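>>> structural data only, the sequence is not supplied:
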DNA sequence: TCAAAAGTGTTGAGTTTACACCCATGC
DNA sequence: GCATGGGTGTAAACTCAACACTTTTGA
């Protein structure tokens, strides 16, 4: 094993949030370095004695003061050897979903500012982060249709219409409200509460809750979630 | 950006091969280092000026003299900070499928020997490579049912029975030959040749060929391959 | 002529899609 | 009382799963 390798290891997080029928991504404004002033994904170099996922959580806390609901490794970007102007840096990118209740942010170390950006009006991101965001966006759309992760983007208790909107917005397709509700309810992983909530005008709707326990126990039995919105 | 990071970046490849109704994985025997004599996945440290995927291909050539048919990034293992006894090393693992025609191997640099091992009788692999192999095996089974990658494990021209066997073996389930053939043929991505081949005894079968062009053009139109073998 | 593998259709069950009207509330 | 969103069932189309016998070859 020759020891002359000069590669740095970074992590970056793509955190999605959902609010008012729009999808948001968390970006931070660089305080120092070659990307000073630019908006980039929260992230940074991994410390020698911390795990990759610890590094992501630490950076998210430091740079944006946020805790996420769901976190999984997305992809390791290291094929473009010039992706970072400071030298060879590979980045292990993580895909995350944030609790919409914790939508308040606060920048700290390394970051000038932290903000949610509507996916439909993103600033030009620094480094190759636009590419990473695209990959994460693809993963989100994909995952939404075969894993019940939409619930991690909603409040603990939600209206069915919010879930419908989430699917329509992110998958960019129409929905048949009756069939959609039938399908979701058929899995038995969403419980009806006896509370209701109204959203401005119109008849108030029942609040629902995702049943994590039931989902996990069904998963062990080999259960397959799938939502296909064609058209 | 503090510069005291002491993390090495390695790549490892899990190369699957298929022959005589059995699934094989490529391992190499370490020539040097703490795992001397142990069987491990082909791989090694990434050079500062090469991309990750170049590194994988280079290591595969150096350590086993093999070229693969299909290569994709699997996962980056870096949560266990003691996974390598020599210090902090993260490994970007790649999932690969080998052309069965190129089943001959030759060890070279760093590797004492290179061999195919039947998945049903694997030696205890060094480092955390057993974990990596399990992850790759899961990916293979998963991918087989929603992406036509089985063909990369077969010869260019193959018998339908070989494809059937491949699916049965890897997914570990029974198959209905009629329904299976109907399903595969319905996608129109497999062409019949006018050659036949016989496998020992019995009636000879037609040879088929995977139509890569057609598959790619269908993909653009948004086409969905899926093979579900229940039971 | 026997053993071994190849090839081939139909039917019933289950799932998915399409579709429209009444209900509860706030203004 | 009207505008707004919430809630609900059924029939037709389609897809999937089950199932068994005939054909071709080599020994």
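In hand now; what should we look at? Just so it is clear, the structure is predicted and the values come from calculations on it, not from any experiment. Residues are numbered from 1 along each chain as shown, chains lettered A, B, ... in the order given.

>>> okay, now the domains of chain A?
Using automatic domain parsing, the domain ranges for chain A come out as A:8-146, A:154-220.

>>> who are the packing partners of the helix or strand of chain A with the lowest mean pLDDT?
Every helix and strand of chain A was ranked by mean pLDDT, DSSP states H and E. The lowest is strand A:111-118, at a mean of 88. Strand A:111-118 is packed against strand A:22-30, helix A:52-64, with contacts defined by 3 or more CB pairs under 8 Å, 6 or more residues apart in numbering or on different chains; DSSP states H and E. From N, CA and C alone the C-beta is placed, and that goes for glycine too.

>>> each with direction, which strands does the following helix or strand past the first one pair with?
The C-terminal neighbour of strand A:22-30 among helices and strands, as given by DSSP states H and E, is strand A:39-40. Strand A:39-40 has its sheet partners listed here by DSSP bridges as strand A:22-30 (antiparallel).

>>> ok, residues contacting the partner strand?
A:13-18, A:36-42, A:63-64, A:66, A:98, A:105, A:107, A:110-120, A:122-123, A:125-126, A:133, A:136, A:169-170 (CB atoms under 8 Å, 6 or more residues apart in numbering or on different chains).

>>> returning to what we had before: tilt between the least confident helix or strand of chain A and strand A:22-30?
On the basis of axes from the mean of the first three to the mean of the last three CA atoms, to 10 degrees, strand A:111-118 is oriented at 160 degrees to strand A:22-30.

>>> which elements pack onto the next helix or strand along the chain from strand A:111-118?
Proceeding N to C from strand A:111-118, the next assigned helix or strand is helix A:129-146, under DSSP H and E. On a contact count with 3+ CB pairs under 8 Å, 6+ apart, helix A:129-146 meets strand A:8-19, strand A:68-77, strand A:89-98, helix A:160-171.

>>> including distance to residue B:175 and mean pLDDT, could those go into JSON lines?
What follows is the helices and strands packed on helix A:129-146, written out as JSON lines (distance: least, CB to CB, whole Å; pLDDT from 0 to 100):
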{"stretch": "strand A:8-19", "distance to residue B:175": "40", "mean pLDDT": "97"}
{"stretch": "strand A:68-77", "distance to residue B:175": "32", "mean pLDDT": "97"}
{"stretch": "strand A:89-98", "distance to residue B:175": "35", "mean pLDDT": "98"}
{"stretch": "helix A:160-171", "distance to residue B:175": "33", "mean pLDDT": "97"}
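
>>> now the ones you listed in TSV, with distance to chain B?
Putting those into TSV (distance: least, CB to the nearest CB, whole Å) gives the following:
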stretch	distance to chain B
strand A:8-19	5
strand A:68-77	5
strand A:89-98	5
helix A:160-171	13
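
>>> pick the most deeply packed of the domains of chain A.
Ranked by mean neighbour count, these are led by domain A:8-146 with a mean of 18 (mean count of other CB atoms under 10 Å in any protein chain shown).
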